[in-house]
Structures are given as C-alpha cells and as structure tokens.
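K.L.:
Mind folding the following:
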Amino acid sequence: MLRLITLVTAMLLAQTATAKTVLITGSNRGLGLEFVTQYAAMGWDVIATSRSPEDDQDLQAFATANKKVTIEKLDVTDLDGITALAEKYSGTPIDVLINNAGMFGDRPRQTWGALDRDLFRQVMDVNVFAPLKISEAFAPHVAASETKKIAVISSTAGSIASIRNPPGAPYYAISKAAVNMAMRGTAMLVKKQGIAVAIFMPGAVDTRMLREAVGLTQEEAETATDYDYKQFQPLTTEESISQMISTLDALSMNQSGDFLNYDGRTIPW
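P.N.:
Numbers count the residues shown, from 1 in each chain. Model prediction:
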C-alpha cells in the first residue's frame, strides 16, 4: 500500500514537473477563449490575459471550473502593465506565447474621405506595437522553456500580394501587414535563443470580428443565406484553434517568421 502511494505521488510530481505553460493575450472571447479552452484540456498551465477580466463572464466561469487557468489583467497598450506582468512571472518558463489580442476599428472612421488619425494610432498600437513589445518582454521566459514558441494572430488582409480590391477596413489591413513584418523581424532577433515564431492567418472564423468585417450583427450572420458572409464558409473557433495548435506544435526553425495559414500552408506576403 505504501509503495502504491509512493508511486502515485511520484507520478503526480512528474506530471507537475513536465507541465507546460502558455500565455495568451485577449483571452476573453473568440479565438483567445478557445485557445484557453483547448490548452487547458491538454493539461497545460494557462495564463489568460484580458483588459477587463472582471467583465468577462465566460472566461471567469471557465477559470473557476479549471484550476489550470490563471487570469491576469493586461491592457496590451499599457507598457508599465506589460513590464509588471513580465516581472511577476520572472523565472517562470513560458513554452508558448500567443499574441492574440487585436482590434478591427470603427469602419466609418477608416474610410476614404473620413480618415481618422486617432483611430489609426489606436489600431496600430493594439495590433502592431503591442505584440512586438509583449514578445520582447516575454522572450526570456520563452527562451527558458522547452517548447520555445511565439505566435501572433494576423489576417489574410495583411497579405499585400493577395489584395485585389481596396480593403473595407484599411487601418486593419495596414496593421496586419505591419505586424507581419514586425514579427518577421522578431523571428530573426530571437533565433539565436532557439525561439520559433509563427505568424498565423486563422482562417475566416465565425467570430464577432469577422461579423464586424462584413457589417453584420450576430443574428444577421446566423440567418444569412446568400449574403457574402456565407461565401466565407466560416470555420468554427474549435476548428481554427485546433489546427493552429497542431501547426504551432510542429513548427520548425525553418518556418520561423513565415506567414502561415492555420493548417500550416504558407501564405504569400
């Protein structure tokens, strides 16, 4: 009996010792929340950040039911907040860092003839500078891990080679092209630390951001028939995230800094 207890204790300690950690920004809904859900189901320790976690009922409920999830408050535009969080987890290896937080931006304020500079700065701050700064702040944590992966969620809107018509939300498209370059450069900078960087196009996923992109409410999207939204053949969040996790798991240093579809296919710049 004593030996059985000892073996069980040893197994639990081994599991604890080998537990991997992922940090995810923008974890309150959509892709971010699904990343949290799937990594927790895999037995990972999950650090889920959100700008206002007190308002995030779904995330709070999931974390309450799953002790693998720790919620941290983080506004990705708050430089002091980024530094403080990195210091809080100093000495904690982070196997995977996922820069998921992003914003689409109000469409009327980024249309030709009504361009709003303040909105442009906000979109660029959230979608470009934030993942760049967070990657810089947490690179030592990632380098100290076994897995050593950083990812950013981009968009096909950021593929200059793929654009054939004026983008409906130019600030968003510009920011995604910019973050692709930012993370391409990051991949080169962290290569000597053995860190691989994935720049992901998650697919046309049925999220609030996609509905915003085509100008639909959730109810309109659910009842759409021949509208453009249906032509997207949107993926579920589960489908997109499961494939991105698999692609990230298999990511090699040869692919580091490449612009990848959720299923691992290379996307033209």
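
K.L.:
so where do the strands sit in this protein?
P.N.:
21-24, 45-50, 69-73, 96-99, 149-153, 196-201, 259-261 (DSSP state E).

K.L.:
Pull out the buried residues from the last one.
P.N.:
Translated: strand 259-261. Within strand 259-261, the residues that count as buried by 16 or more other Cβ atoms under 10 Å are F259, L260, N261. Quick note: C-beta positions are derived from backbone N, CA and C, even for glycine.

K.L.:
Name the nearest residue to M244, ignoring sequence neighbours.
P.N.:
Y262 (4.9 Å; Cβ to Cβ, 6 or more residues apart in numbering).

K.L.:
residues in contact with the residue sitting nearest the centre point of the chain?
P.N.:
The residue lying closest to the centre of the chain (Cα atoms, centre = their mean) is N100, at 2.2 Å. Neighbour list for N100: I24, T25, G26, S27, L31, G32, F35, I153 [criterion: Cβ atoms under 8 Å, 6 or more residues apart in numbering].

K.L.:
returning to what we had before: now mean pLDDT and distance to R107 too, for the strands of the chain, in CSV please.
P.N.:
Shown next, in CSV, are those (pLDDT from 0 to 100; distance: least, Cβ to Cβ, whole Å):
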stretch, mean pLDDT, distance to R107
strand 21-24, 98, 27
strand 45-50, 98, 24
strand 69-73, 98, 29
strand 96-99, 98, 24
strand 149-153, 98, 20
strand 196-201, 97, 21
strand 259-261, 96, 25
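
K.L.:
In TSV, list the ones you listed along with distance to L248.
P.N.:
Putting these into TSV (distance: least, Cβ to Cβ, whole Å) gives the following:
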stretch	distance to L248
strand 21-24	10
strand 45-50	15
strand 69-73	19
strand 96-99	7
strand 149-153	6
strand 196-201	5
strand 259-261	9
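
K.L.:
M244: which of those strands is closest?
P.N.:
strand 196-201 (5.6 Å; Cβ to Cβ).

K.L.:
So what are the sheet partners of that closest one and their directions?
P.N.:
strand 149-153 (parallel), strand 259-261 (parallel) (DSSP bridges).

K.L.:
what comes up buried for it?
P.N.:
Result for strand 196-201 [16+ other Cβ under 10 Å]: buried residues A196, V197, A198, I199, F200, M201.

K.L.:
And stretch 254-269, by the same measure?
P.N.:
Q255, S256, G257, D258, F259, L260, N261, Y262, G264, I267.
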